[in-house]
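Asker: heads up, no residue letters with this:
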């Protein structure tokens with residue numbers, strides 16, 4: 001799998017390249033918009049990590065140009081935290097997902113795996129057993145029936161599905177769902193409350209728990225999906 005990273009922060013670019021290479025991805029980098037665009041024209045990639053604030057030509061301009069050229073490579077936009085207008089503009093221009101800096105390694109890898117998998121199948125739906133989650137419509141069904149999940153419950157389930165087969169720690173889940181707003185001292189039971197409610201909604205009396213608790217670690221969805 002080939003990934004192109006376009007970002008003008010040298011330290012971050014180096015760290016992202018090393019991280020993704022350690023996960024067995026082939027990684028190409030570009031430190032400004034013009035070089036990044038040239039690399040897109042000259043080669044094909046399975047995923048593009050694209051910073052918005054770039055010298056020369058910014059990430060939104062790059063995104064608009066490649067989508068106008070009918071290049072449908074999945075694009076994960078990297079944004080400054082709180083830049084809502086940029087996120088909305090990016091999604092409207094055809095970005096597949098966005099991630100606000102600073103981000104956790106676990107969340108980045110989960111998004112990368114999900115977008116590459118989605119790009120390979122062309123399907124925004126993650127299906128495991130009788131559970132179907134649509135990453136675009138943000139809907140979840142169980143045996144075809146729509147589940148009424150809260151925003152936090154959806155985020156928990158989506159992250160665990162992206163990481164299925166891997167045990168995810170409570171802290172990583174909290175960091176993903178609440179971000180910088182999470183205080184481990186005053187909000188330590190938040191993750192347990194939301195997880196308990198989510199598991200009740202996913203429960204099937206005749207089956208093992210869809211989300212398993214791993215003592216001393218966190219939670220796990222171990223089933224294979226589509």
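Answerer: Now that the structure is in, tell me what you want to look at. Worth saying up front: this structure is predicted, and the values here are computed from it rather than measured.
Asker: where along the chain do the helices fall?
Answerer: 10-22, 33-42, 59-68, 84-93, 105-121, 151-162, 170-178, 190-202 (DSSP state H).
Asker: With adjacent residues omitted, what lies nearest to residue 31?
Answerer: Leaving aside its chain neighbours, residue 31 sits nearest to residue 8 (5.4 Å; criterion: CB to CB, 6 or more residues apart in numbering). (Glycine included, C-beta is placed from N, CA and C.)
Asker: where does residue 50 sit relative to residue 58, distance-wise?
Answerer: As for residue 50, its distance to residue 58 is 10 Å (criterion: CB to CB, to the nearest Å).
Asker: before we move on, the earlier item: with mean pLDDT added, can I get the helices of the chain in CSV?
Answerer: Shown next, in CSV, are the helices of the chain (pLDDT from 0 to 100):
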stretch, mean pLDDT
helix 10-22, 93
helix 33-42, 92
helix 59-68, 93
helix 84-93, 77
helix 105-121, 80
helix 151-162, 86
helix 170-178, 77
helix 190-202, 89
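Asker: Any chance of those helices in CSV with distance to residue 130 as columns?
Answerer: Below are the helices of the chain laid out as CSV (distance: least, CB to CB, whole Å):
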stretch, distance to residue 130
helix 10-22, 33
helix 33-42, 40
helix 59-68, 35
helix 84-93, 30
helix 105-121, 19
helix 151-162, 13
helix 170-178, 23
helix 190-202, 9
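Asker: And those: which comes nearest residue 138?
Answerer: Set against residue 138 and scored by CB to CB, the helices of the chain come closest in helix 151-162, at 6.2 Å.
Asker: helices or strands next to that closest one in the packing?
Answerer: helix 105-121, strand 125-128, strand 131-134, helix 170-178, helix 190-202 (3 or more CB pairs under 8 Å, 6 or more residues apart in numbering; DSSP states H and E).
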